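**Q** pasting the structure only:
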């Protein structure tokens, strides 16, 4: 299942509340290989974690009291940058961030003792999601951590969350059901730097693992690193008038699908929108798991042909059902533009013709994302 398949399904009918990437893919399975994500809950969301000694147990904030913000993180003018790095803490393993947008950056998070399905597997190996208890055959979790730029995230929009202080930081915490009865959704948001919020979200098929205390350990473990510009294995020669780059995946698909397929070995992609989405007052990343939730957008994806249900092909550009596809590097690389019909075939063809590839197997040759996407900030 490729990005355009998810887009096509979303365009046909918006997925019901609580739909996951796995659910969408399963309903529309037309490929021999599919993504297996395990995301459950609107926005499929966030997590990263780390543990550190000296965790301060949370207490409810008295009225008007302001908890201390965290260490000083660099906030670069170029939002397509990463300002933290991978770290381990106890059972938690936070990865390097791979998704960046005009409002946030996102990293995958893994937990010892639980399985995260973020790599394509044969469809025959997938449990049938309509079978009761299918997900309980394995101890699964899906989690990632999102760092929002100052002013981008509004914690008051976390419905049902309680206010706390954690390790001296203002925080909000939520626990509830995910998209299905067997999934528990936990969210912890804290002010990691003045005006900037980090959001950790996990979706587990255990109501007891991780615990609230586990989630709170990430707060002390998150530390700043020098800002590093995201890079991409391609350069855009043409972007339609009015469209702006708003989100990318470096070594991954853009957005939350990039997190849901993080270990699938994709090369990169970007999302453009007209108009660009707001970069303040957000409650979750752009588009959630359905691109239909980001009106006026189109996607560019540079991926592995081996992961594509388009099969092998040549440099001929083929367009159908709101997306166009071509193959490069002796057919090993697939390049796609998907617009849900917002762009005519001739315009998508022009976009593909203007895409110049770097050496996809040599990240050192990749292009600064802001330059690659013709972005201006």
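**A** Perfect, I can see it now. As the structure is a computational prediction, the values presented were derived from the model and not from experiment. Numbering: from 1, shown residues only.
**Q** where does the prediction get shaky in the stretch 151-300 of the chain?
**A** Counting by pLDDT under 70, the stretch 151-300 of the chain has low-confidence residues at 288-293.
**Q** what about the strands in it?
**A** 162-166, 169-177, 184-193, 196-204, 228-229, 231-232, 234-235, 244-250, 268-273, 297-304 (DSSP state E, counting those that start in this stretch).
**Q** show me the one of those strands that comes nearest residue 365.
**A** Closest of these to residue 365 is strand 231-232, at 9.0 Å (criterion: Cβ to Cβ). Bear in mind the C-beta positions are built from the backbone N, C-alpha and C, glycine included.
**Q** sheet partners, orientation included, of the closest one?
**A** Strand 231-232 has the following strand partners under DSSP bridges: strand 367-368 (antiparallel).
**Q** ok so, going back, distance to residue 329 added to the strands of the stretch 151-300 of the chain, as JSON lines?
**A** Converted to JSON lines, the strands of the stretch 151-300 of the chain look like this (distance: least, Cβ to Cβ, whole Å):
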{"stretch": "strand 162-166", "distance to residue 329": "47"}
{"stretch": "strand 169-177", "distance to residue 329": "45"}
{"stretch": "strand 184-193", "distance to residue 329": "40"}
{"stretch": "strand 196-204", "distance to residue 329": "36"}
{"stretch": "strand 228-229", "distance to residue 329": "24"}
{"stretch": "strand 231-232", "distance to residue 329": "16"}
{"stretch": "strand 234-235", "distance to residue 329": "12"}
{"stretch": "strand 244-250", "distance to residue 329": "19"}
{"stretch": "strand 268-273", "distance to residue 329": "14"}
{"stretch": "strand 297-304", "distance to residue 329": "10"}
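**Q** format those strands as a markdown table; extra columns: mean neighbour count.
**A** As requested, the strands of the stretch 151-300 of the chain are arranged in a markdown table below (neighbours: other Cβ atoms under 10 Å):
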| stretch | mean neighbour count |
| --- | --- |
| strand 162-166 | 20 |
| strand 169-177 | 19 |
| strand 184-193 | 25 |
| strand 196-204 | 26 |
| strand 228-229 | 16 |
| strand 231-232 | 25 |
| strand 234-235 | 21 |
| strand 244-250 | 26 |
| strand 268-273 | 27 |
| strand 297-304 | 24 |
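**Q** could you pull out the helices in the protein for me?
**A** Assigned by DSSP state H, the helices in the chain fall at 3-12, 21-27, 212-221, 255-260, 345-353, 369-372.
**Q** so which of the strands of the stretch 151-300 of the chain is nearest residue 100?
**A** Comparing the strands of the stretch 151-300 of the chain by Cβ to Cβ, strand 244-250 comes nearest, at 5.7 Å.
**Q** which ones are touching residue 296?
**A** 273-275, 342 (Cβ atoms under 8 Å, 6 or more residues apart in numbering).
**Q** quickly list what residue 163 is bridged to.
**A** Following DSSP bridges, residue 163 is listed with bridge partners residue 172.
**Q** any idea how far it lies from residue 170?
**A** Separation of residue 163 from residue 170 (Cβ to Cβ, to the nearest Å): 8 Å.
**Q** which residues does the residue nearest to residue 268 when sequence neighbours are not counted form beta bridges with?
**A** Sequence neighbours aside, residue 232 is the residue nearest to residue 268 in space, at 4.6 Å (criterion: Cβ to Cβ, 6 or more residues apart in numbering). Following DSSP bridges, residue 232 is listed with bridge partners residue 367.
**Q** residue 302 versus residue 232, what's the distance?
**A** Distance from residue 232 to residue 302, by Cβ to Cβ: 8 Å.
**Q** what do these two both touch?
**A** Common neighbours of residue 232 and residue 302 (Cβ under 8 Å, 6+ apart) are residue 268.
**Q** widest-spaced pair of the contacts of residue 296?
**A** Farthest-apart pair in those is 275 and 342; separation 12.5 Å (Cβ to Cβ).
**Q** higher neighbour count, the two?
**A** Taking other Cβ atoms under 10 Å, residue 275 and residue 342 do not tie; residue 342 has more neighbours (18 against 12).
**Q** next, the contact list for the more buried one, please.
**A** Per Cβ under 8 Å, 6+ apart, neighbours of residue 342: 296-298, 322.
**Q** not counting sequence-adjacent ones, nearest residue to residue 104?
**A** residue 148 (4.6 Å).
**Q** just residue 80 next, same as before
**A** Leaving aside its chain neighbours, residue 80 sits nearest to residue 369 (4.2 Å; criterion: Cβ to Cβ, 6+ apart).
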